[in-house]
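K.L.:
here is my input, please return the structure:
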Amino acid sequence: MLWSILRQNKHHGVHFRRQHPIGPYIADFACVKAKLAIEVDGATHATDREISYDQRRDAYMRRRGWRIIRIANSDVYRNLGIVCEMIVSHLPPPSVDANASTDTSPVNGGGTNR
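P.N.:
Here you go, the predicted structure:
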């Protein structure tokens, strides 16, 4: 469900990849431009051993400049809109190309005057 939203929308001029490698690990979803990894955790992340593994994995990614968001699988099903808002809040603001003109009218300096 989350992937269908992330892949369809371009959030703030960035795009997400699914199953993106970061060193020896694979992030569920990653925005390379923002160095943001999203991990969706289900029941398999509940034991002490699995929590310890996730902490080592997150520390590895952070040392390489990545930020990690961990989302419970149940939240994706129950609160998808809130999950998406939270992800967007971690993205950089959209960049604006200072040289790009939004007005294509030749009168205002855009387009061509024939």
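K.L.:
for the spatially most central residue of the chain, which residues make a bridge with it?
P.N.:
In the chain, the C-alpha nearest the mean C-alpha coordinate belongs to residue 31, at 4.3 Å (Cα atoms, centre = their mean). Applying DSSP bridges to residue 31 gives these bridge partners: residue 36.
K.L.:
next up, the contacts around residue 22.
P.N.:
Taking Cβ atoms under 8 Å, 6 or more residues apart in numbering, we find residue 22 in contact with 30, 37, 60, 61, 64, 66. The way it works is simple: take the backbone N, C-alpha and C, and place the C-beta from them, glycine included.
K.L.:
give me phi/psi at it?
P.N.:
When read as degrees, to the nearest 10, the backbone of residue 22 gives phi -130, psi 100.
K.L.:
state the pLDDT value of it.
P.N.:
Note on residue 22: pLDDT of 97.
K.L.:
give me the distance between it and residue 64.
P.N.:
Residue 22 is 7 Å from residue 64, where distance means Cβ to Cβ, to the nearest Å.
K.L.:
what comes into contact with the worst-scoring helix or strand of the chain on mean pLDDT?
P.N.:
Counting by mean pLDDT, DSSP states H and E, the weakest-scoring helix or strand in the chain turns out to be helix 2-8, with a mean of 86. For helix 2-8, contacts defined as Cβ under 8 Å, 6+ apart pick out 15, 16, 18, 29, 38, 40, 71, 76, 80, 83, 84, 87.
K.L.:
nothing else from me, thank you.
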